[in-house]
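Student: I'd like to go over a predicted model; first the sequence, then the structure.
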Amino acid sequence: MQIRHINLFLGILVIALLIFHCSSQQDTVALYQQKETSFDSRIRTLQSQKTQAEQTLKQLTASALTLKPWMDSRMQFDDPEKGLVKFLDFLAPKLLKDVNSTIAMNHQRSFEKTPIPLQKTGFQINFNFSYPHEAESFLNALLLQHDYPLRVNSANFNKGTDRRANGTISLDLLLPASLLTLTQNDLEEMGVL
């Protein structure tokens with residue numbers, strides 16, 4: 001009889017352990033299912049955020065691609081030396097001979113620190129004229145053109161000889177300087193380095 005009681009007791013103990021084990025397994029399974037559901041919702045949220053980020057990236061890339069040609073067209077500067085030669089070509093033929101003029105150029109270039117660095121070249125133009133309309137047409141052609149940015153530093157007009165008047169105008173040609181033309185010394189002077 002005692003063996004029977006021991007077997008019965010062991011049987012009840014095994015059944016209790018099985019029930020406890022099944023219960024803990026169910027709790028573990030429920031916990032894992034809950035975590036899986038949580039991870040699934042997190043994955044869906046991250047996938048939607050990724051999709052939105054990809055769409056935003058495509059829109060920004062498209063915007064950047066449309067902006068790049070515009071920026072390139074604004075930022076492509078000729079070499080200032082080419083601009084200087086073009087300016088001299090602009091002055092030379094008809095503009096200067098109408099008023100019998102001479103040009104003196106400051107050979108030392110300098111740079112102005114602005115958002116777009118400017119190469120400054122100084123000129124002094126001496127001219128003489130018989131009639132005011134000659135001087136007026138010369139100055140209008142020189143100062144009212146839109147191709148070459150000029151800054152007038154001074155202008156003097158005097159009565160000359162032989163019914164002629166003399167004029168002197170000092171001005172600076174301000175050309176955008178591409179970074180290729182700037183030396184390290186120039187960049188240090190401007191405070192960039």
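Tutor: Alright, I've got the coordinates.

Student: show me the helices in the chain, by range?
Tutor: 2-75, 80-91, 94-97, 132-143, 184-190 (DSSP state H).

Student: got TSV for the ones you listed, with distance to Asn106 too?
Tutor: All C-beta spots, glycine's among them, are computed from the backbone N, C-alpha and C. Output for the helices of the chain, formatted as TSV (distance: least, C-beta to C-beta, whole Å):
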stretch	distance to Asn106
helix 2-75	27
helix 80-91	12
helix 94-97	18
helix 132-143	17
helix 184-190	16
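
Student: reformat those as a markdown table; add mean neighbour count and mean pLDDT.
Tutor: Formatted as a markdown table, the helices of the chain follow (neighbours: other C-beta atoms under 10 Å; pLDDT from 0 to 100):
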| stretch | mean neighbour count | mean pLDDT |
| --- | --- | --- |
| helix 2-75 | 10 | 80 |
| helix 80-91 | 16 | 77 |
| helix 94-97 | 13 | 69 |
| helix 132-143 | 15 | 84 |
| helix 184-190 | 13 | 58 |
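
Student: out of those helices, which comes closest to Ser154?
Tutor: Judged by C-beta to C-beta, the one of these that comes nearest to Ser154 is helix 132-143, at 13.3 Å.

Student: domain ranges for the chain?
Tutor: Domain assignment of the chain by automatic domain parsing yields the ranges 1-76, 80-190.
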